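**Student:** attaching a predicted model along with its sequence, questions to come.
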Amino acid sequence: MATMNRSAEGAALDRGSPASAAIGSSVKILGQVFGSEDLSINGQLEGTVEVSNHTVTIGPEAVLHASVRALHVLVLGEVHGNIEAAERLEIRRDAKVLGDVKTARIVIEDGAYFKGSIDILKGRRIRTFGSPEAQAADEIAEQEIREGRYTTLRSPRALADTLTPARPATAAPAAAEAAEAKPAVSRRS
């Protein structure tokens, strides 16, 4: 893990994460990059970048032919590929993005170049990074939204409970038998 020198630009999306990594300007990566800390890219990358619940900063010297998926994405360089930023995407002046984006919030500064489509995710986030249960809960919520059945907000735990098999009732068998043993009351007119 390398320590990243944060510029004023890169610090814009920093959320105070104690851990961060950097890919320097002389580095070229072909393949997949996964991480669970902030990542600054200044080199070349072809493939995919997935940084769960953290920020990816694509520096001014960076050239990516890759899909990028993160909580926050800050583009100062060049990206040829799709970007999914669960909360926020910023495309700064002199940056270049060619690809489709999905995000809840986007900023495109004057002087930036963007070619692609924008899917603004209002009222929901891109599928949660993390456990299969959390991802399944997100899929249920998205399906309910599409079908118009999503009327109240439920906690992730409540949604996860819908995925677990029902447990057998723990009511005492004697109480159930007593209810059945009561004689039927008949009315005479």
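**Tutor:** All right, it came through fine.
**Student:** how near is the closest residue in space to Leu121 that isn't next to it in sequence to Lys122?
**Tutor:** Counting by CB to CB, 6 or more residues apart in numbering, Ala104 is the residue found nearest to Leu121 once chain neighbours are left out, at 5.1 Å. For the C-beta atoms, the positions are set from N, CA and C on the backbone; glycine is no exception. Taking CB to CB, to the nearest Å as the measure, Ala104 and Lys122 are separated by 7 Å.
**Student:** more neighbours, those two?
**Tutor:** Comparing Ala104 with Lys122 by other CB atoms under 10 Å, the one with more neighbours is Ala104, at 16 against 7.
**Student:** can you verify that one is assigned to a strand?
**Tutor:** Yes. With DSSP: H, G, I helix; E, B strand; the rest coil as the criterion, Ala104 is part of a strand.
**Student:** that one and Glu84 touch, don't they?
**Tutor:** No. When contacts are counted by CB atoms under 8 Å, Ala104 is not listed as touching Glu84 (10.6 Å).
**Student:** may I ask which helix or strand of this structure has the lowest mean pLDDT?
**Tutor:** Across the helices and strands of the chain, mean pLDDT, DSSP states H and E gives its lowest value to helix 156-161, namely a mean of 49.
**Student:** SS state for Thr48?
**Tutor:** Per three-state DSSP, the local secondary structure of Thr48 is strand.
**Student:** what is the burial count for it?
**Tutor:** When counting by other CB under 10 Å, one arrives at 16 neighbours for Thr48.
**Student:** OK, contacts around it?
**Tutor:** With contact set as CB atoms under 8 Å, 6 or more residues apart in numbering, Thr48 has these partners: Gln32, Val33, Ala66, Ser67, Val68, Arg69.
**Student:** cool, and Ser26?
**Tutor:** Applying CB under 8 Å, 6+ apart, one finds that Ser26 lies in contact with Gly43.
**Student:** since that was my last question, I'll sign off now.
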